[in-house]
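Enquirer: give the three-dimensional model of this entry:
(one chain, ligands or ions: 2)
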Amino acid sequence: MLLGCIGDDFTGSSDLANTLAKQGMRTVQYTGVPNAAAVPEVQAGVVALKSRSIAVAEAVAQSRAALDWLLDQGCEQIFFKYCSTFDSTAEGNIGPVADALAEALTAHKVIVCPAFPGAGRSLYQGHLFVNDVLLNESGLQDHPLTPMTDPDIRRWLAPQSAHTVGHVPAADVFGGAARIADRLEEQNQAGHRLIVVDAIRDADLLEIGKAAKGLPLITGGSGVALGLPANFGCVPAPVPWTGQPGKAIALSGSCSKATRAQIVRHAQTNPTKEITAADVIDARLLPAEVAIWLLEAEGLPLAYSSADPAAVAKVQAQFGRQAASEALEHFFAEVARLCVERGVTRVITAGGETSGAIVEGLDLDALEIGPEIDPGVPALRARPDLVVALKSGNFGAEDFFTKADHILARPHV
Ligand SMILES: Nc1ncnc2c1ncn2[C@@H]1O[C@H](COP(=O)(O)OP(=O)(O)O)[C@@H](O)[C@H]1O
Ligand SMILES: O=C(O)[C@@H](O)C(=O)COP(=O)(O)O
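Expert: Ligands and ions are numbered 1, 2, ... in the order given. Below is the predicted model of the structure:
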């Protein structure tokens, strides 16, 4: 294994794996830290953790365990993948995990770059934009677990890290790889260890990738991984795929604007069922009832708890943020488990935490990376009889659910 990656959630990990596979690296996504060694053909291993919203100490411990396993596989470089919208709180977990990995790897110039222009995320003067609005006006300010209320990534990261935060501005990034490398060195000499690097185009990310050659640790969204495979001699290649016939279901616990629009669109031509948090928490609705509905419905049925910010705030005020999230995540995991046990072969999920709970509930070990459905979302083969797609809350076009199912079912490509 050449490149070892640690993802702080499951959709994000598949987003990164998608980029690496498209750029020609033989990539596998693992559910948590594997117990056994990787097969020798794997060039990039992505250890998917569900560490974005857990306690800081636990996120650090899990990430350190992932690092140890990746180093045991012979990795020459480590990539810490977090969200392209930098989802985190003032306590963490991006800063503490990056600090711990940097310490363990004796990394002194650590790139911090959430930019993903392909999905509308650009970083300019340290400020993160989602399409044409600042992060804190993009809807992410209402995220149920990690509300992003400040678009200045330097300011957001500072309280999370033991080190001062540096910056390489766009004007230097536009100067190319050598200038970026010089600026990283300069920022480190000035005492900074975590260094926010601007990027607004894929061309910038490719230059940052070149400048990152040989650095022990890189952190960011999947965008900044674009230029890394070339450093290992890999070249872009089509990703092979054999789809899976049979019965499909879709499950969504994402409350993002993008997912809610996708649900409205899907409901125009497919059966949909809304799950309310109160019904789940008070046990008025059981996973088996939803599983039966999904199994009996025609087309691509979708069960969702996705709700707008006002409804989410009401649920959280009544039951508590963590309790509501956990109850819904466990519920969806159990629904998925029952459906797969009864023969479902294609599972499409929306939401990072939700997808993580479902993948863990289904006990899926290693995911083989297939072709891209929409930017940042690949088709994945979990078992000989099961394929999945894990959609990040904010990714995907309005017709995502049907498009995903079409690709997951597609015969050999
Ligand atoms: N109606 C709801 N009320 C409160 N919380 C909800 C509701 N629906 C989903 N959630 C929780 O909100 C969180 C959404 O996070 P996630 O699944 O990561 O989606 P995204 O990818 O959009 O961030 C999950 O923990 C989920 O259980
Ligand atoms: O980088 C991204 O935006 C995604 O890969 C990601 O991490 C998604 O997280 P969720 O929005 O919680 O699914």
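Enquirer: tell me the pLDDT at residue 145?
Expert: With respect to pLDDT, residue 145 scores 88.
Enquirer: next, the contact list for it, please.
Expert: Contacts for residue 145 (CB atoms under 8 Å, 6 or more residues apart in numbering) come out as 52, 53, 87, 321, 325, 353. All C-beta spots, glycine's among them, are computed from the backbone N, C-alpha and C.
Enquirer: residue contacts, residue 371?
Expert: Residue 371 neighbours (CB under 8 Å, 6+ apart): 238, 239, 241, 378, 379, 407, 413.
Enquirer: now swap in residue 259 and tell me
Expert: Residue 259 touches 252, 306, 350, 351, 391, 393, 394, 396, counting by CB under 8 Å, 6+ apart.
Enquirer: in strands only, show me those residues.
Expert: When DSSP state E defines the strands, the subset of the contacts of residue 259 inside them is 252, 350, 391.
Enquirer: dump the contacts of residue 145 to TSV, plus neighbour count.
Expert: TSV is the format used below for the contacts of residue 145 (neighbours: other CB atoms under 10 Å):
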residue	neighbour count
52	25
53	23
87	24
321	15
325	22
353	24
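Enquirer: I'd guessed residue 147 sits against residue 141; true?
Expert: Yes. Using CB atoms under 8 Å, residue 147 makes contact with residue 141 at a distance of 5.5 Å.
Enquirer: not counting its neighbours along the chain, what's nearest residue 185?
Expert: Distance criterion CB to CB, 6 or more residues apart in numbering; nearest residue to residue 185, sequence neighbours excluded, is residue 109 at 6.8 Å.
Enquirer: please report the distance of residue 57 from residue 97.
Expert: Residue 57 is 11 Å from residue 97, where distance means CB to CB, to the nearest Å.
Enquirer: repeat for residue 291
Expert: In terms of CB to CB, residue 291 sits 35 Å off from residue 97.
Enquirer: these two - which one has more neighbours?
Expert: Neighbours were tallied for residue 291 and for residue 97 using other CB atoms under 10 Å; the higher tally belongs to residue 97 (29 against 22).
Enquirer: and the contacts of residue 145 near ligand 1, which?
Expert: With CB under 6 Å from any ligand atom as the criterion, the contacts of residue 145 include 325, 353 near ligand 1.
Enquirer: may I see the PyMOL selection of the buried members of the contacts of residue 371?
Expert: The buried subset of these, as determined by 16 or more other CB atoms under 10 Å, is captured in PyMOL by this line:
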select buried, resi 239+241+378+379+407
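Enquirer: is it possible to get JSON lines of the contacts of residue 371 that adds pLDDT, secondary structure and distance to residue 46?
Expert: Output for the contacts of residue 371, formatted as JSON lines (pLDDT from 0 to 100; DSSP: H, G, I helix; E, B strand; the rest coil; distance: CB to CB, whole Å):
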{"residue": "238", "pLDDT": "90", "secondary structure": "coil", "distance to residue 46": "20"}
{"residue": "239", "pLDDT": "90", "secondary structure": "coil", "distance to residue 46": "15"}
{"residue": "241", "pLDDT": "95", "secondary structure": "coil", "distance to residue 46": "18"}
{"residue": "378", "pLDDT": "97", "secondary structure": "strand", "distance to residue 46": "11"}
{"residue": "379", "pLDDT": "97", "secondary structure": "strand", "distance to residue 46": "15"}
{"residue": "407", "pLDDT": "97", "secondary structure": "helix", "distance to residue 46": "20"}
{"residue": "413", "pLDDT": "71", "secondary structure": "coil", "distance to residue 46": "22"}
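Enquirer: just the contacts of residue 371 now: which is nearest ligand 1?
Expert: For those, the residue nearest ligand 1 by CB to the nearest ligand atom is residue 378; the value is 15.9 Å.
Enquirer: if we can go back for a sec, so which of the contacts of residue 259 also contact ligand 1?
Expert: Among the contacts of residue 259, the residues within reach of ligand 1 (CB under 6 Å from any ligand atom) are 306, 351, 393.
Enquirer: and the residues you listed as JSON lines, adding pLDDT?
Expert: Formatted as JSON lines, the ones next to ligand 1 among the contacts of residue 259 follow (pLDDT from 0 to 100):
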{"residue": "306", "pLDDT": "98"}
{"residue": "351", "pLDDT": "96"}
{"residue": "393", "pLDDT": "92"}
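Enquirer: turn those into JSON lines, including neighbour count and distance to residue 283.
Expert: Shown next, in JSON lines, are those (neighbours: other CB atoms under 10 Å; distance: CB to CB, whole Å):
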{"residue": "306", "neighbour count": "23", "distance to residue 283": "21"}
{"residue": "351", "neighbour count": "31", "distance to residue 283": "22"}
{"residue": "393", "neighbour count": "29", "distance to residue 283": "26"}
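Enquirer: now, which of the residues you listed sits nearest ligand 2?
Expert: Closest to ligand 2, out of all of the ones next to ligand 1 among the contacts of residue 259 and judged by CB to the nearest ligand atom, is residue 393, at 3.7 Å.
Enquirer: tell me which residues touch that closest one, please.
Expert: Contacts of residue 393 (CB under 8 Å, 6+ apart): 11, 254, 255, 256, 258, 259, 350, 351, 352.
Enquirer: and if you look at residue 389?
Expert: Neighbouring residues of residue 389 by CB under 8 Å, 6+ apart: 347, 348, 349, 373, 377, 378, 379, 380, 404, 407, 408.
Enquirer: what bridges to it?
Expert: Residue 389 has the following beta-bridge partners by DSSP bridges: residue 348, residue 379.
Enquirer: that one and residue 373, how far apart?
Expert: Look at residue 389 and residue 373: by CB to CB, they are 6 Å apart.
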